[in-house]
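Peer 1: model this:
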Amino acid sequence: MHRFRFSSEIFAAGSSFHSPPQLPPVAAARGSRYSPEKLFARSRVNATETLCPVCGGTGWKEVGPDPKARQVARCDCALSGRVQRLIAQARIPARYEHCEFSEFSTDFPGAEASLEKAKLVAERFVAGYPVENDGRGLLIVGAVGVGKTHLAVAVLKELLRKGIPGLFCDYRDLLKQVQNSYNPSVQTTEMELLRPIFETEVVLLDELGAVKPTEWVWDTVSHVLNTRYNDKRTTLITTNFPDLPPHSSDEPIDNFSRARRAAREETLGDRITERMRSRLHEMCKKVEITGKDFRQQVKSASFR
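Peer 2: Numbering: from 1, shown residues only. A predicted model of the protein is given here:
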């Protein structure tokens, strides 16, 4: 009688496939009821007309050289299907579906050195995830059009390809949806909207600080970031605002100071409070990109 063992890859792949994840490794090893033939027969569901030549449509493949202690692992075809589902569930907008590391240009005329440095940091982040990150994410800071969202989406997609659940979340849309949930005619509750943001392993929060700050906005942002921080979940964040503390409110209130305040550039501290800006530094590694608006440069070049 053959003994039968599972490789660790089975459990890493998750339970969304038609598989016998309930089988404990010890029981399987004893081999009293589970042969490879029975396992594959139970797993053969929804087989397409063109079956995988490796697993025959079961989603499992035999590994290991010893026929007396055969092992099974997820077939590449099943892993590929899982990745495609994760990408579909991540809600990446169509505008950013093309964003990849390979498409992140760093050598065009006038390109800032910070682009190459930012790309290198992002690639290392993906390569070391999750062992070297310990729940920390990335805070990508820069002016409009320098490639922050492109780089963040590239990171998210690479993590999805590693089988890690992720979610794209537009900061403005999130706040709008939470506000709409207070409408009695809307069936979705605030907690139902926020639960995926709280629980997904990796969340990309795009355009942090883009909504004019109010007490309610601050409370909502604090709730989201603190929950993910406490649960040690990885957050990728982009923002257009300089990573600086809020400007002092101790200036004398006169016409000159009002005009100066109106003209100055707002900071991330102004938009989300200094307390939450400090929290971001605990949650994320800062990546700063400098340079001109790439979209405007391309637009200008097209008219020459």
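
Peer 1: can you list contacts of the helix or strand containing residue 205?
Peer 2: Assigned by DSSP states H and E, residue 205 belongs to strand 202-206. With contacts defined as C-beta atoms under 8 Å, 6 or more residues apart in numbering, strand 202-206 is touched by 137, 149, 152-153, 155-156, 159, 164-171, 174, 197, 224, 228, 233-238. Placement of C-beta: from N, CA and C, glycine included.

Peer 1: quick check: PyMOL command selecting the buried ones in those.
Peer 2: Selection of buried members from the contacts of strand 202-206 for PyMOL, criterion 16 or more other C-beta atoms under 10 Å:
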select buried, resi 137+149+152+153+155+156+159+164+165+166+167+168+169+170+171+174+197+224+228+233+234+235+236+237+238
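
Peer 1: inside helices: which ones of the contacts of strand 202-206?
Peer 2: 149, 152-153, 155-156, 159, 171, 174, 197, 224, 228 (DSSP state H).

Peer 1: quickly name whichever of those residues is closest to residue 294.
Peer 2: Ranked by distance to residue 294 (C-beta to C-beta), those are led by residue 149 at 11.4 Å.

Peer 1: how close does that closest one get to residue 90?
Peer 2: Using C-beta to C-beta, to the nearest Å, residue 149 is found at 14 Å from residue 90.

Peer 1: do residue 142 as well
Peer 2: In terms of C-beta to C-beta, residue 142 sits 23 Å off from residue 90.

Peer 1: those two: which is more packed in?
Peer 2: Neighbour count, other C-beta atoms under 10 Å: between residue 142 and residue 90, residue 142 has more, with 24 against 21.

Peer 1: point out where this protein drops to low pLDDT.
Peer 2: Scanning the chain for pLDDT under 70 picks out the ranges 1-50, 67, 78, 249-264, 295-304.

Peer 1: quick check: residue 285 is in a helix.
Peer 2: No. With DSSP: H, G, I helix; E, B strand; the rest coil as the criterion, residue 285 is assigned strand and is not in a helix.

Peer 1: partner residues bridging it?
Peer 2: Beta-bridge partners for residue 285, by DSSP bridges, are residue 138.

Peer 1: now do the strands in this structure.
Peer 2: 3-6, 60-63, 69-74, 137-142, 166-170, 202-206, 234-239, 284-289 (DSSP state E).

Peer 1: for residue 116, find the nearest of those strands.
Peer 2: strand 284-289 (10.2 Å).

Peer 1: what comes up buried for the closest one?
Peer 2: Buried-residue list, strand 284-289, by 16+ other C-beta under 10 Å: 284, 287-289.
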